[in-house]
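J.: Give me a model of this one.
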Amino acid sequence: MAAIVRQLTAQLGAFEGVRKEGAHYAAVFEKGVVPVVIRLDAEGRIAGLFFKPPRARLASLAEAKERIAALPGKTQFLVLRGTTPLARLHPGERLAVGSAFKLSVLAALLDAVENGAHGWGETLPLKAAWRSLPSGELQNWPEGTPLTLADYAGRMMAESDNTAADHLIHLLGRRRVERFAFENRPLLTTRALFVLRTNPDLKKRWKAGDEAARRAVLVEAEARPLPTPGAFLAAGPDLAVEWRYRADELCQLAYAALKTPLSGINPGLAPEGVWRRIAFKGGSDLGVLNLTTALVAGNGERYCAVATWNNPEGVEADRLYALYGGVLDMLAAGVRR
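T.: Residues are numbered from 1 along each chain as shown. From the prediction side, this is the model:
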């Protein structure tokens, strides 16, 4: 414990106090806030104590923008109140966002449910041909296991389950999902991305091909065996085989995701006990990190915050987590007042 405290004070400055945050707490330091989860046993003794990644204490959104802009590689940052920008950095550029593309899958599913084409309680058996690599657990489940569409969607959003996302894409149809995927045509499944990145011939044809040629490549890629996770890591980053979005497009999708509480099972870095509803989806890949959150305050006002970092040399997740968490803290402080 003493070592942890020394590390935190060395990184964040002097300890100032503890505040309640939803069902848990936050330790406040001079330069940052650390969410803390504490668990007591039946006799009131500490049985578990977990310090989450720190959130930076920021003077303004302008400071957040400046510090995100200073990260190596390409970055994008957007904060909206409703549709009004509060902070913008490189808003017109499409960057790789990893699993944040799953917001497009959720938007297509919401549309299908609203139009009566599918229902949340509808079951879809797991198919071996639609398995992917982690993140998630469904790739390890027995073929034929029946799961509801609500289960697939919840796992896709809360655990970023790749196999769940691919099952929904195949069920809905790639072209239907592409209606909500902006310029990501043809839309990669996660399985196709893993195969393409580890197969030089298919990857070369994907990069050189027009939309029709790429659709043919996808059919081949999805029929190939999955690579091992080690082979994927060894292949290294390639931001040309990815999902690319502008920050405002992600906010549009995140606002749509607020229609279902499934999008807030994992609230990301948003402080607890402040927001009426949260929709969160992050994305990571080799050289890629994205954080996207839509929020609804008690008065019904909506906010969205997006931060994306692309750097083939590597991204340091904790650096962006701290800045992004600080931005969400500022939004929460404004709502509390």
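J.: give me the number of residues near the closest residue in space to residue 297 that isn't next to it in sequence?
T.: Nearest residue to residue 297 in three dimensions, chain neighbours excluded: residue 335, at 4.6 Å (C-beta to C-beta, 6 or more residues apart in numbering). The C-beta positions use only the backbone N, C-alpha and C, and glycine is treated the same way. A count of neighbours around residue 335, defined by other C-beta atoms under 10 Å, yields 18.
J.: check which helix or strand covers residue 335.
T.: helix 317-336 (DSSP states H and E).
J.: from the chain's centre, how far out does that helix sit?
T.: Using C-alpha atoms, centre = their mean, to the nearest Å, we find the averaged C-alpha position of helix 317-336 to lie 15 Å away from the chain's own average C-alpha position.
J.: likewise stretch 165-180?
T.: 18 Å.
J.: Stretch 318-337 now?
T.: Counting by C-alpha atoms, centre = their mean, stretch 318-337 is centred 16 Å from the centre of its parent chain.
J.: I'd assumed residue 28 was in contact with residue 19.
T.: Yes. Using C-beta atoms under 8 Å, residue 19 and residue 28 qualify as a contacting pair, with a distance of 6.2 Å.
J.: which one of the two has more residues nearby?
T.: Legend: neighbour count by other C-beta under 10 Å for residue 19 and residue 28, higher for residue 28 (16 against 11).
J.: Would you mind giving the secondary structure of that one?
T.: Reducing the assignment at residue 28 to three states with DSSP: H, G, I helix; E, B strand; the rest coil gives strand.
J.: what separates it from residue 324, distance-wise?
T.: When C-beta to C-beta, to the nearest Å is applied, the distance between residue 28 and residue 324 equals 18 Å.
J.: what does residue 54 give?
T.: Using C-beta to C-beta, residue 54 is found at 11 Å from residue 324.
J.: can you give me the helices in the chain?
T.: Listed in chain order, the helices of the chain (DSSP state H) span 2-12, 61-69, 102-114, 149-158, 162-172, 174-178, 190-198, 200-208, 211-223, 229-235, 247-257, 317-336.
J.: any idea which of these scores lowest on pLDDT?
T.: Out of the helices of the chain, helix 2-12 stands lowest, with a mean of 86 (criterion: mean pLDDT).
J.: so how far is it off the chain centroid?
T.: In terms of C-alpha atoms, centre = their mean, the centre of helix 2-12 is set 29 Å apart from its chain centre.
J.: what does stretch 247-255 give?
T.: Relative to its chain's centre, stretch 247-255 lies at 12 Å (C-alpha atoms, centre = their mean).
J.: just stretch 75-94 next, same as before
T.: Its chain's C-alpha centre lies 17 Å from the corresponding centre of stretch 75-94 when counted by C-alpha atoms, centre = their mean.
J.: Next, the buried residues of that stretch.
T.: 75-80, 86-90, 94 (16 or more other C-beta atoms under 10 Å).
J.: Domain ranges for the chain, per the record?
T.: Domains of the chain are assigned by automatic domain parsing as 2-51, 58-97+243-336, 101-235.
J.: for the ones you listed, which one ends up most surrounded?
T.: Sort these by mean neighbour count, taking mean count of other C-beta atoms under 10 Å, and domain 58-97+243-336 sits at the top with a mean of 20.
J.: list the contacts for the closest residue to residue 314 other than its chain neighbours?
T.: Closest residue to residue 314 apart from its sequence neighbours, by C-beta to C-beta, 6+ apart: residue 287 at 6.3 Å. With contact taken as C-beta atoms under 8 Å, 6 or more residues apart in numbering, residue 287 is in contact with 73, 96, 237, 239, 310-315.
J.: Which ones among those map onto strands?
T.: With strands taken from DSSP state E, the overlap with the contacts of residue 287 comprises 96, 310.
J.: from the contacts of residue 287, which is closest to residue 190?
T.: Proximity of the contacts of residue 287 to residue 190 was ranked by C-beta to C-beta; the top entry is residue 96 with 13.7 Å.
J.: Correct me if wrong: that closest one contacts residue 237.
T.: No. Look at residue 96 against residue 237 with C-beta under 8 Å: they stay out of range, at 9.0 Å.
J.: any residues in contact with both of these two?
T.: Each of 285, 287-288 lies in contact with both residue 96 and residue 237 under the rule C-beta under 8 Å, 6+ apart.
J.: Residue 123 contacts residue 145, correct?
T.: No. With contact taken as C-beta under 8 Å, residue 123 and residue 145 are classed as non-touching, separated by 9.7 Å.
J.: returning to that earlier point: the residue nearest to residue 314 and residue 240, how far apart?
T.: Separation of residue 287 from residue 240 (C-beta to C-beta): 11 Å.
J.: And the residue nearest the centre of the protein?
T.: Here the mean C-alpha position of the chain is nearest to the C-alpha of residue 282 (C-alpha atoms, centre = their mean), at a distance of 1.1 Å.
J.: quick one: the spatially closest residue to that one that is not a sequence neighbour and residue 278, what's the gap?
T.: Setting aside the residues directly before and after it, residue 282 is nearest to residue 291 in space (C-beta to C-beta, 6+ apart), at 5.1 Å. Counting by C-beta to C-beta, the separation of residue 291 from residue 278 is 13 Å.
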